[in-house]
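S.K.: take this sequence and fold it.
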Amino acid sequence: MQESSDSTSALARRYGLSRTTVAKWRKRTTTDDAPMGPHEPRSTALTPLEEVLVVAFRWLTLLSLDDVLDCLRDSIPRLTRSNLHRCLSRHGLSRLPKPDDATARRRRRAAGSTGCVHLHLRVLPLADGRRSVALAIDHVSKFIHVAVHAGPRPPAGREVLRTLVQAFPSAIHTIVTETPMPIARACAEHGVAHRQDGRTLPWPARQAERLDRTIEEALAGIDADTVKTHVLAFVARHNAERRLKALGAKAPVEAARSRG
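M.R.: Below you'll find the predicted structure:
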């Protein structure tokens, strides 16, 4: 059809097709079927904010699919194992790291005590302005701390570390960041080691970039008070109530105190 000099009507009669179908194929430069479906794949069961919560939680905790489902089921009533798996697959997070890299390090840390905290600072574009958000997690106990600051500039390193020391139920001996942060002096004052190690991220940079874009799209119309209400309430329930298989059916706060 693409190479023929006959009219569209003649080709439609010859091949038993509609004129629309013939015209469509004559405009194409290839003979491959065009991809169907939405240009931006998205969930039909989860809201953008719920999808952000799922992706960020998996990305930070490295928990199994069943543990993620157990932790998020109360906060996201429509979440099922199947739509959770589809959501993670869309973001390239359906598989945990291979045992020879991040997972192996995670298992070695799990055999020891708590106190090695991974700290991430992000600037999120909320409806009432850009806000700096601190995310911290102990990868042994899965204890999470989230702080939403007043403006786009994060507080001083001393203030960040003071807040972490007060929030975590066990003593912190190491702070790990993926990028350089002005926190080394504050760590030295508290007797805490600071290590920069981009390899501790569970997935490559392209997944981290996709996570950032998803967060920005979901939080664009939400103010800081709403984020605090939903996110901090979820974090409090997770730390105190979620009994995870990875922790021997203990809640994160219990695991932190028993292994600290």
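S.K.: only C-alpha atoms for contact and neighbour calcs from this point on.
M.R.: Will do.
S.K.: what about the strands in this protein?
M.R.: Remark: strands assigned in the chain by DSSP state E are 116-126, 129-138, 144-148, 174-177, 193-196.
S.K.: could I get those as a markdown table with mean pLDDT, distance to residue 46 and mean neighbour count?
M.R.: As requested, the strands of the chain are exported to a markdown table (pLDDT from 0 to 100; distance: least, Cα to Cα, whole Å; neighbours: other Cα atoms under 10 Å):
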| stretch | mean pLDDT | distance to residue 46 | mean neighbour count |
| --- | --- | --- | --- |
| strand 116-126 | 81 | 20 | 20 |
| strand 129-138 | 84 | 23 | 20 |
| strand 144-148 | 85 | 23 | 20 |
| strand 174-177 | 86 | 31 | 20 |
| strand 193-196 | 85 | 35 | 17 |
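S.K.: the ones you listed: which one's closest to residue 18?
M.R.: With Cα to Cα as the criterion, residue 18 lies closest to strand 116-126 of the strands of the chain, at 48.8 Å.
S.K.: neighbouring strands of the closest one in the sheet, and parallel or not?
M.R.: Strands that pair with strand 116-126, judged by DSSP bridges, come out as strand 129-138 (antiparallel), strand 174-177 (parallel).
S.K.: about what we covered before: residue 11: which of the strands of the chain is closest?
M.R.: Per Cα to Cα, nearest to residue 11 of the strands of the chain: strand 116-126, 53.7 Å.
S.K.: closest to residue 255 out of the strands paired with strand 116-126?
M.R.: With Cα to Cα as the criterion, residue 255 lies closest to strand 129-138 of the strands paired with strand 116-126, at 10.4 Å.
S.K.: how about residues contacting that closest one?
M.R.: The contact list for strand 129-138 (Cα atoms under 8 Å, 6 or more residues apart in numbering) reads 60-61, 114-125, 143-154, 164, 223-224.
S.K.: so that strand versus strand 144-148, what angle?
M.R.: Here strand 129-138 runs at an angle of 160 degrees relative to strand 144-148 (axes from the mean of the first three to the mean of the last three Cα atoms, to 10 degrees).
S.K.: please compute how far strand 129-138 lies from its chain's middle.
M.R.: 13 Å (Cα atoms, centre = their mean, to the nearest Å).
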